[in-house]
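Novice: no FASTA, just this:
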């Protein structure tokens, strides 16, 4: 979401009629707090048909229906570096890329804390308990069908 704030020219936030772009617009949300703008984004997200935000269980011909057919399914959770190491071991051709981008050798064995995207710093800045609830409802099928664990920060915000 911070890309909507800092890189409006890249048109990350849609609908453009609501959020604007480098040519202007966005008057509807211009005077809102970051949390209010994010909630507006979450409310409009399902209307966009943007594949970046579809529940992950819908990918790969219905991942949830074929999960037992996969040799490996990684998760972007606390064990992200361990899963990334597993992928690198399975596909040696990407080992250099994972090292260059994620400094895998130095980080494997560490818990993922969102240092790549600095996501932890944005949670309090953008989320409220209401938006956490909405996002969890939107992705509920992933948490149930793929056996994902709700992140502790989300549980804390809902408490």
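Specialist: Alright, I've got the coordinates. Bear in mind the structure is a predicted one, so any value in this text is a computation, not a measurement.
Novice: now the strands for the chain?
Specialist: With strands called from DSSP state E, the chain shows none.
Novice: give me the below-cutoff pLDDT ranges for it.
Specialist: Applying pLDDT under 70 to the chain flags residues 1-12, 20-27, 47-49, 112-120.
Novice: at 80 what do you get?
Specialist: Along the chain, the model assigns pLDDT under 80 to residues 1-31, 45-53, 76-78, 109-122.
Novice: and residue 15, how many residues sit next to it?
Specialist: Applying other CB atoms under 10 Å, we find 12 residues neighbouring residue 15. All C-beta atoms are positioned from the backbone trio N, CA, C, and that covers glycine.
Novice: for residue 78, that is, sorry about that
Specialist: Other residues near residue 78 come to 14 when the count uses other CB under 10 Å.
Novice: find the nearest non-adjacent residue to it, please.
Specialist: Spatial nearest neighbour of residue 78, chain neighbours left out: residue 111 (4.7 Å); criterion: CB to CB, 6 or more residues apart in numbering.
Novice: how close does the residue positioned nearest the centre of the chain sit to residue 31?
Specialist: With distances taken as CA atoms, centre = their mean, residue 53 lies nearest the centre of the chain, 8.0 Å away. Distance of residue 53 to residue 31, computed by CB to CB, to the nearest Å: 25 Å.
Novice: quick one: buried residues of stretch 130-138?
Specialist: 131, 132, 134, 135, 136 (16 or more other CB atoms under 10 Å).
Novice: and that stretch, how far from the chain's centre?
Specialist: Distance, stretch centre to chain centre, for stretch 130-138: 13 Å (CA atoms, centre = their mean, to the nearest Å).
Novice: show residues contacting it.
Specialist: The contact list for stretch 130-138 (CB atoms under 8 Å, 6 or more residues apart in numbering) reads 35, 38-39, 42-43, 45-46, 55, 127, 143, 150, 154, 157-158.
Novice: just the buried ones among these, please.
Specialist: Looks like those have 35, 38, 39, 42, 45, 55, 127, 154, 157 buried, using 16+ other CB under 10 Å.
Novice: look up how far residue 123 lies from the last one.
Specialist: Shown here: residue 157 relative to residue 123, a distance of 8 Å by CB to CB.
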